[in-house]
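K.L.:
Just to be clear, the model below is a prediction. Sequence and coordinates:
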Amino acid sequence: MNYSARLDALRRALPGLKCDALVVSELTNVRYLCGFTGTSGMIVVSRNGAHFITDFRYQSQAAVQVEPRYATVIAERGLWKAASQLLKKEKAAHIAFEAEHTSVATLEEITKLLKPAAPIATQRVIEKLRLHKDADELSITRRAITVIDECFDHICGVMKPGMTEREVSDELSSAMRARGASGPSFTTIVASGLRSALPHGVASDKALEAGDLVTIDMGAIVDGYCSDMTRTVCLGKPQRRQQEIYEVVWRAQTASAEALRPGLGCKEADAVARKVIEDAGYGQYFGHGLGHGVGLEIHEQPRLSRLGKGKLAPGMLVTCEPGIYIEGWGGVRIEDMLLITETGAENLTGAPKPRKLRAL
């Protein structure tokens with residue numbers, strides 16, 4: 001990972017924040033900037049230096065993981081106490097913190113520790129850097145996607161009536177680890193029959209039955225990066241309405257995936273899929289957004305939805321996952337991961353998504 005480039009990008013952002021230093025305390029952001037994977041750490045970045053702060057438990061781990069450009073400090077009386085001492089030595093008058101990741105109690109603490117310096121609230125500074133994936137991130141993510149592509153192929157060969165949803169989920173978790181993943185990137189969704197109408201129907205003890213629609217939404221973590229994919233299949237020959245609704249979702253997913261490109265608004269991307277579903281008469285049954293960013297976290301910016309903000313740009317990695325969910329009947333969702341390129345979007349998901357509902 002090119003942590004030096006990430007640190008340089010952050011330092012270039014400091015003048016725009018009107019601060020002398022930024023304290024990064026959210027652990028995912030800390031990992032993004034230096035590679036540290038422990039549970040206690042923060043980074044202080046000023047215009048002239050950078051320090052990584054942790055406690056005694058992680059001294060050896062930090063020596064191995066943390067980017068050499070950071071001077072490592074072992075805190076004895078709390079991370080913010082150590083940070084305040086560093087910042088006072090540097091005579092930083094305007095110190096920024098991550099407002100979204102700071103509790104009211106912590107803000108009260110740091111306000112006292114930093115006096116007379118004034119703490120400045122910032123919003124999603126590191127998250128904005130994380131929007132655009134670099135070559136290292138994409139290489140790892142492709143591996144994480146390959147894992148779930150292979151796992152989906154595997155589960156289609158073993159899934160059958162009589163298995164419970166939980167058994168399918170457990171089999172997928174085992175298959176992910178066997179292929180090099182550290183585990184699922186979220187609680188695997190296996191929703192069959194009437195339960196497929198639950199967009200987040202995590203696996204239950206319900207047994208799969210012949211004729212069921214089965215929606216599987218799964219992801220794997222490889223070297224900290226997440227993948228995400230959804231497919232819907234049928235246990236046996238699909239009924240006419242199952243095929244009809246599946247094909248509406250397939251057309252919505254295909255059309256919106258093909259529309260993704262730099263400059264397209266997040267709302268506009270969502271609208272492409274929504275129009276297909278609405279025109280087919282199922283608009284009221286598509287209640288969530290089209291997709292979201294994926295990276296070190298399974299849900300990142302940008303958000304492709306009716307409330308989405310901003311536009312797509314090269315290097316963004318997003319899901320495209322429209323669905324139809326009808327209570328008392330069932331549901332269908334199809335999801336791929338796509339990389340926004342200079343000219344359009346590259347579909348990184350390799351698992352088949354045929355126009356005709358797959359029968360197992």
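P.N.:
Yes, it's here. Just so you know, these numbers come straight off a predicted model, no measurement behind them.

K.L.:
Hmm, residue 188 and residue 173 touching each other?
P.N.:
Yes. Under the contact definition of Cβ atoms under 8 Å, residue 173 touches residue 188, with a separation of 6.8 Å. Glycine gets a C-beta too; all of them are placed from N, C-alpha and C.

K.L.:
and the two? which has more neighbours close in?
P.N.:
Neighbours were counted for residue 173 and for residue 188 using other Cβ atoms under 10 Å; residue 188 has more, 24 against 18.

K.L.:
just to revisit the earlier point, report the set of residues contacting both of residue 173 and residue 188.
P.N.:
With contacts defined as Cβ atoms under 8 Å, 6 or more residues apart in numbering, no residue is shared by residue 173 and residue 188.

K.L.:
Show me the domain layout of the protein.
P.N.:
With domains defined by automatic domain parsing, the chain comprises 3-130, 135-347.

K.L.:
Need those domains in JSON lines (columns: mean pLDDT).
P.N.:
Below are the domains of the chain laid out as JSON lines (pLDDT from 0 to 100):
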{"stretch": "domain 3-130", "mean pLDDT": "89"}
{"stretch": "domain 135-347", "mean pLDDT": "97"}
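
K.L.:
Buried deepest among these, which one?
P.N.:
domain 135-347 (a mean of 19; mean count of other Cβ atoms under 10 Å).

K.L.:
And it, how far out from the chain middle?
P.N.:
Here domain 135-347 shows a centroid-to-chain-centroid distance of 13 Å under the convention Cα atoms, centre = their mean, to the nearest Å.

K.L.:
Can you measure across it, start residue to end residue?
P.N.:
This stretch, domain 135-347, spans 16 Å end to end (Cα to Cα, to the nearest Å).

K.L.:
again with stretch 336-352
P.N.:
End-to-end distance of stretch 336-352: 10 Å, with Cα to Cα as the criterion.

K.L.:
how much space is there between residue 288 and residue 306?
P.N.:
To residue 306, residue 288 is 10 Å away according to Cβ to Cβ, to the nearest Å.

K.L.:
just residue 202 next, same as before
P.N.:
Applying Cβ to Cβ, the value for residue 202 to residue 306 is 25 Å.

K.L.:
Same question for residue 165.
P.N.:
Counting by Cβ to Cβ, the gap from residue 165 to residue 306 is 30 Å.

K.L.:
And residue 96, by the same measure?
P.N.:
Taking Cβ to Cβ, one finds residue 96 at 32 Å from residue 306.

K.L.:
same check, this time on residue 216
P.N.:
Here residue 216 is placed at a distance of 26 Å from residue 306 (Cβ to Cβ).

K.L.:
Equivalent analysis for residue 157, please.
P.N.:
From residue 157 across to residue 306, the span is 38 Å (Cβ to Cβ).

K.L.:
dump the residue contacts of the residue nearest the centre of the chain.
P.N.:
Residue closest to the average C-alpha location in the chain (Cα atoms, centre = their mean): residue 298, at 2.3 Å. Neighbouring residues of residue 298 by Cβ under 8 Å, 6+ apart: 185, 186, 219, 226, 228.

K.L.:
Inside strands: which ones of the residues you listed?
P.N.:
residue 226 (DSSP state E).

K.L.:
And the nearest residue to residue 183 once chain neighbours are set aside, how far from residue 339?
P.N.:
The shortest distance from residue 183 to any non-neighbouring residue, by Cβ to Cβ, 6 or more residues apart in numbering, is to residue 221 (5.8 Å). Relative to residue 339, residue 221 is positioned 18 Å away (Cβ to Cβ).

K.L.:
Would you map the helices across the stretch 1-150 of the chain?
P.N.:
Taking DSSP state H, counting those that start in this stretch to define them, one finds helices in the stretch 1-150 of the chain at 3-17, 27-34, 59-65, 79-89, 104-114, 125-130, 135-158.

K.L.:
can you list those helices in a markdown table and add distance to residue 248?
P.N.:
Shown next, in a markdown table, are those (distance: least, Cβ to Cβ, whole Å):
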| stretch | distance to residue 248 |
| --- | --- |
| helix 3-17 | 42 |
| helix 27-34 | 36 |
| helix 59-65 | 47 |
| helix 79-89 | 52 |
| helix 104-114 | 46 |
| helix 125-130 | 34 |
| helix 135-158 | 22 |
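
K.L.:
Of all those helices, which one is nearest residue 357?
P.N.:
Closest to residue 357 of the helices of the stretch 1-150 of the chain is helix 135-158 (Cβ to Cβ; 12.9 Å).

K.L.:
So residue 236 sits against residue 357, correct?
P.N.:
No. The criterion here is Cβ under 8 Å, and residue 236 misses it with residue 357 at 10.7 Å.

K.L.:
first to last residue in stretch 282-293, what's the distance?
P.N.:
Stretch 282-293 has an end-to-end distance of 26 Å (Cα to Cα).

K.L.:
what does stretch 315-328 give?
P.N.:
The straight-line separation of the ends of stretch 315-328 (Cα to Cα) is 40 Å.

K.L.:
Please apply the same query to stretch 22-42.
P.N.:
Span of stretch 22-42 from end to end, Cα to Cα: 10 Å.

K.L.:
and what of stretch 71-80?
P.N.:
Span of stretch 71-80 from end to end, Cα to Cα: 16 Å.

K.L.:
wait, which of the helices of the stretch 1-150 of the chain is closest to residue 252?
P.N.:
Distance to residue 252, taken as Cβ to Cβ, is lowest for helix 135-158 among those, at 20.4 Å.
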